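Novice: build the 3D model from these lines:
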Amino acid sequence: MPIHPSAIVDSRAEIDPTAEIGPYCVVGPEVQIGARTRLMAHVYAEGPTVIGEDNLFYPYATVGVASQDLKYRGERAYTTIGNGNRIREFVSIHRGTEGGGLHTRIGDDNSLLAYCHIAHDVQLGSHCVLSNGVTFAGHVTIGDWAVISAHSAVHQFCRIGRHSMIGGFSVVVQDVLPFSLTTGSGRDIKLYDVNKVGLERRGFPPDHIHALHQCFRLLRDKKLNTSRAVERIRAEVADTAEREELLDFIRSSERGFVK
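Specialist: Just a heads-up that it's a prediction; the model follows:
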């Protein structure tokens, strides 16, 4: 396997013969690296960590390091990264903690741009884009195909729904609905409408997008509380899989959702 002479690779690491470890990388014990994954230079990986196939780590990324949670006492915890991810410069990915299931997970085909932070016990889906400086606190869950714009921060235990888009410099303190376009900070954050452009690019039928638009119009109606809005949605909006996913997300929300 191509390992640069300046790299430090622990003998207990498991590295596929087709993986590449570039200059000045450090790979600790109990790190597994899959086929064709490349660590360009100055990447630090600590175990127990499993990294899948065809990932690309740019310089100065760190993965699997100990949590910054003050409750962390060195308990054995894990990091798992799927396949085909692009991890840009200075991204930090921390392993789990006992209080959050002991596991941080990243799915497949994600783009994590420079200076993103993935805290302990985060569950990141697949096909997501995290722009520069996006910061997740611990225990955040992000659904597939989410797009989070630059320098946004997400509070602990929040959920980001599938196919949602969050505008730049947002501060998210409640759940973000799937299929939504949301932006703002703290109390001023708002649900604006359906993420129409994103859904069109992914081939959602126009009538399904229109149904979601109707759902969000009712949820934003200041004359309706959430319960009444949900009743109106069930009565007036076409029964689609996306409508049901949206209503299930609302029903299961523990922190409340951006409205």
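Novice: quick one: low-confidence ranges for the protein?
Specialist: For the chain, the stretches with pLDDT under 70 are 1.
Novice: so where do the helices sit in the stretch 151-259 of the chain?
Specialist: 196-201, 206-220, 226-236, 241-251 (DSSP state H, counting those that start in this stretch).
Novice: please identify which of those is closest to Lys190.
Specialist: Nearest to Lys190, of all those, is helix 206-220, at 8.3 Å by Cβ to Cβ. For glycine as for every other residue, the C-beta is placed from the backbone atoms N, C-alpha and C.
Novice: packing partners for that closest one?
Specialist: strand 190-194, helix 196-201, helix 226-236, helix 241-251 (3 or more Cβ pairs under 8 Å, 6 or more residues apart in numbering; DSSP states H and E).
Novice: of all these, which lies closest to Ile106?
Specialist: helix 196-201 (20.4 Å).
Novice: how distant is the closest one from the center of its chain?
Specialist: 19 Å (Cα atoms, centre = their mean, to the nearest Å).
Novice: show me what contacts Ser67?
Specialist: When contacts are counted by Cβ atoms under 8 Å, 6 or more residues apart in numbering, Ser67 touches Ala77, His94, Arg95, Gly96, Thr97, Ala119, His120, Gly138.
Novice: so it: helix, strand or coil?
Specialist: Following DSSP: H, G, I helix; E, B strand; the rest coil, Ser67 is assigned to coil.
Novice: who touches stretch 163-174?
Specialist: 131, 143-155, 158, 160, 176-186, 189, 195, 198-199, 202, 253, 255-258.
Novice: list the buried residues for that stretch?
Specialist: Buried residues in stretch 163-174, counted by 16 or more other Cβ atoms under 10 Å: His163, Ser164, Met165, Ile166, Gly167, Ser170, Val171, Val172, Val173, Gln174.
Novice: which one of those residues is nearest Lys71?
Specialist: Val173 (20.8 Å).
Novice: for the closest one, give its distance to Ala77.
Specialist: With distances taken as Cβ to Cβ, to the nearest Å, Val173 is found 26 Å from Ala77.
Novice: got the helices of the stretch 151-259 of the chain as a markdown table, with distance to Asp54 and mean neighbour count columns?
Specialist: Putting the helices of the stretch 151-259 of the chain into a markdown table (distance: least, Cβ to Cβ, whole Å; neighbours: other Cβ atoms under 10 Å) gives the following:
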| stretch | distance to Asp54 | mean neighbour count |
| --- | --- | --- |
| helix 196-201 | 23 | 14 |
| helix 206-220 | 32 | 18 |
| helix 226-236 | 41 | 14 |
| helix 241-251 | 29 | 16 |
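Novice: which one of those lies closest to Ala114?
Specialist: Checking these against Ala114 by Cβ to Cβ gives helix 196-201 as the closest, at 22.3 Å.
Novice: rewinding a little: how about the helices and strands packed on helix 206-220, which one is nearest Gly125?
Specialist: Nearest to Gly125, of these and by Cβ to Cβ, is helix 241-251 at 13.5 Å.
Novice: report all helices and strands that that closest one contacts.
Specialist: Applying 3+ Cβ pairs under 8 Å, 6+ apart, one finds that helix 241-251 contacts helix 206-220, helix 226-236.
Novice: how about the ones you listed in a markdown table, adding distance to Glu30?
Specialist: Below are the helices and strands packed on helix 241-251 laid out as a markdown table (distance: least, Cβ to Cβ, whole Å):
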| stretch | distance to Glu30 |
| --- | --- |
| helix 206-220 | 44 |
| helix 226-236 | 46 |
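Novice: next, count neighbours for Ile160.
Specialist: Residues lying near Ile160 (other Cβ atoms under 10 Å) number 27.
Novice: from Thr226, how far out is the nearest residue to it once chain neighbours are set aside?
Specialist: Among residues not flanking Ile160 along the chain, Ile142 sits closest, at 4.4 Å (Cβ to Cβ, 6 or more residues apart in numbering). Ile142 is 23 Å from Thr226, where distance means Cβ to Cβ.
Novice: again with Ile81
Specialist: As for Ile81, its distance to Thr226 is 36 Å (criterion: Cβ to Cβ).
Novice: and the chain, what are its domains?
Specialist: As given by automatic domain parsing, the domain ranges for the chain are 8-139, 199-251.
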